[in-house]
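1. here is a sequence with its predicted model. Questions after.
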Amino acid sequence: IWFLIALSFGFGIAGVALVSQYTGAGEKKNANLVASQMLSLSIIFGLIVAVSGFILTPYLVPLITKSATVTRTAITYMRLIFWGMPFMFIAFTFQSILSAKGDTVTPMYINLFTVTLNVILDPFLIFGWWRFPHLGVLGAALATIICQGIAASISLYLLFRGTKGIKITLNGLIPVWKWLKKIFKIGLPAAIGHSTTAFGFVLVMAIIGRVSNPETVLAAYGVG
C-alpha cells in the first residue's frame with residue numbers, strides 16, 4: 001500500500017507542475033484539460049491496481065511473512081482495501097490539482113472530515129457496536145473504503161462543478177497521448193523516486209516478517 005501511495009504522490013507532482021504552469025500563463029483551457037487527463041489517469045490506474053492487487057495479494061503476502069496468522073489476516077484486509085484504490089487516487093489527484101491552484105484548505109477539510117468519520121466507523125465495524133456486524137479486520141478495511149469513497153465523491157463533485165477554479169468535463173477525460181506524455185515525463189521520475197523509499201519499507205517488513213514471533217514484531221514496527 002505504501003508503494004502505491006508513493007506512486008500516486010509522484011504523479012501528483014506532475015499535476016501540480018502542469019496545472020500551476022498553465023494557470024500562471026492564463027491558459028485556463030489547458031489547465032482544465034491537464035486536470036481532466038490527470039483524473040482520467042488516476043481512475044484507470046486505480047482500477048488496474050484494484051484488480052491486480054485483489055488477484056495477486058494471496059501470492060505476494062506469503063513472500064513477506066511466514067506466519068499463517070499474519071498471512072491470513074493481511075490477505076483478508078488487503079484484498080478488500082485494494083478496491084478502494086480508485087477512490088484514493090481520485091482524492092490524491094484532487095488534492096494535487098487544488099494545490100496547484102493555491103487551495104490547500106479545501107482538501108484539508110475533506111481529509112479532516114473523512115479521517116474523523118473513519119475513526120468513528122472503525123470500532124462499530126470492527127467490534128460490532130450497536131447493530132453493526134462484528135467484522136474484525138474486514139471492518140477496518142470497509143470503514144476505510146467508505147471514507148475514501150466519500151472523499152472521492154466530494155472531489156468529483158467539486159471538479160465537475162468547477163467551483164474551485166478547475167472544471168472537469170467528460171470529453172476531457174478521454175485519454176490524449178499529447179497530455180499523457182507530458183504527465184509521464186514529469187511524473188514518472190518523481191513516482192520512481194518516491195516508490196524507491198516505499199519499496200525499502202516493504203523489504204524491511206519482509207525481513208521482520210520472517211523472524212520468530214512475527215505478529216508482535218510487525219505490530220511494534222507498525223506502531224513505530
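-> Noted; the coordinates are in hand.
2. could I get the contacting residues of the residue nearest the centre of the chain?
-> Per C-alpha atoms, centre = their mean, the C-alpha nearest to the average position across the chain is that of residue 88, at 3.3 Å. Neighbouring residues of residue 88 by C-beta atoms under 8 Å, 6 or more residues apart in numbering: 5, 8, 46, 148, 152. (Glycine included, C-beta is placed from N, CA and C.)
3. how close does it sit to residue 106?
-> 17 Å (C-beta to C-beta, to the nearest Å).
4. check residue 45 too.
-> Where residue 106 is concerned, residue 45 sits at a distance of 23 Å (C-beta to C-beta).
5. kindly report the same for residue 29.
-> Counting by C-beta to C-beta, the gap from residue 29 to residue 106 is 22 Å.
6. tell me which of the two has more neighbours.
-> residue 106 (18 against 10; other C-beta atoms under 10 Å).
7. what strand or helix carries that one?
-> Secondary structure assignment for residue 106, by DSSP states H and E: helix 105-127.
8. give me the pLDDT for the residue nearest to residue 142 when sequence neighbours are not counted.
-> Sequence neighbours aside, residue 125 is the residue nearest to residue 142 in space, at 5.6 Å (criterion: C-beta to C-beta, 6 or more residues apart in numbering). With respect to pLDDT, residue 125 has a value of 93.
9. give me the number of residues near residue 125?
-> 21.
10. is it true that it touches residue 140?
-> Yes: look at residue 125 against residue 140 with C-beta atoms under 8 Å: they come within range, at 7.2 Å.
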